[in-house]
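A.B. asks: coordinates only, no sequence provided:
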């Protein structure tokens, strides 16, 4: 299941918005009838997950977090507590509850951004908040992908061992593979 694209739309006075047809088709093909809505952890936007993707996230999180660790239980509780299940009506619309619209500072204009297995919903105004400048993007992509030539962490290239390192300042964007210090 892959959601791709950047599509603009409008909410009505009740908070209903047409889910873009391309995204509805992906959901329909996958047999998904329910989507899960939550506020993004890092950005002022909303995230829509197909229910099966959300369930995988919950299973992964539950497997990684210890129920008997107070801090980890707080993290889990906070992650799952502010969530809504949504259904797509017969006209292809979803209802974005007003409290979520406020969380993301969305008035009426929205931008749907396909993020692979989920969909982000952003306030659509004149700034490009969800995006980096072209220069920052190309520099970050080069730093993340570089000249790895499709090598995996732990592989070696011309006798050099590769390790996985965090890219400074990438705020969780990803990892890159680089030669290990010898």
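C.D. replies: It's in. Since this is a predicted model, take the numbers as computed values, not measurements.
A.B. asks: show the pLDDT at residue 108.
C.D. replies: In this prediction, residue 108 carries a pLDDT score of 91.
A.B. asks: select the longest helix from this protein.
C.D. replies: The helix that spans the most residues within the chain, counting by DSSP state H, is helix 51-64.
A.B. asks: ok and the helix or strand that that one is followed by relative to helix 51-64, angle-wise?
C.D. replies: Per DSSP states H and E, the first helix or strand lying C-terminal to helix 51-64 is helix 70-81. Angle of helix 70-81 versus helix 51-64, following axes from the mean of the first three to the mean of the last three CA atoms, to 10 degrees, is 170 degrees.
A.B. asks: pairing partners for the helix or strand that helix 70-81 is followed by, with directions?
C.D. replies: The helix or strand immediately downstream of helix 70-81 is strand 83-87, counting by DSSP H and E. According to DSSP bridges, strand 83-87 forms sheet pairs with strand 34-39 (antiparallel).
A.B. asks: mind listing what's buried along the partner strand?
C.D. replies: Buried residues in strand 34-39, defined by neighbour count with 16 or more other CB atoms under 10 Å: 35-39. Bear in mind the C-beta positions are built from the backbone N, C-alpha and C, glycine included.
A.B. asks: and of the residues you listed, the nearest to residue 134?
C.D. replies: residue 39 (28.1 Å; CB to CB).
A.B. asks: surely that closest one and residue 106 touch.
C.D. replies: No. Contact criterion CB atoms under 8 Å: residue 39 and residue 106 do not qualify, at 11.0 Å.
A.B. asks: what touches both of the two?
C.D. replies: Residues touching both residue 39 and residue 106 by CB atoms under 8 Å, 6 or more residues apart in numbering: residue 46.
A.B. asks: least confident secondary structure element in the chain?
C.D. replies: Within the chain, no helix or strand scores below strand 160-166, which has a mean of 40 by mean pLDDT, DSSP states H and E.
A.B. asks: so what touches the longest helix of the chain?
C.D. replies: Taking CB under 8 Å, 6+ apart as the rule, helix 51-64 contacts 1, 30, 32-36, 49, 76, 79-80, 83, 85, 117-118.
A.B. asks: equivalent analysis for stretch 102-120, please.
C.D. replies: By CB under 8 Å, 6+ apart, the residues outside stretch 102-120 that reach it are 1-11, 17, 19-20, 22-23, 39-40, 43-50, 53, 96, 101, 121-125, 130.
A.B. asks: can we see that at 7 Å?
C.D. replies: 1-11, 17, 20, 23, 39-40, 44-49, 53, 121-125, 130 (CB atoms under 7 Å, 6 or more residues apart in numbering).
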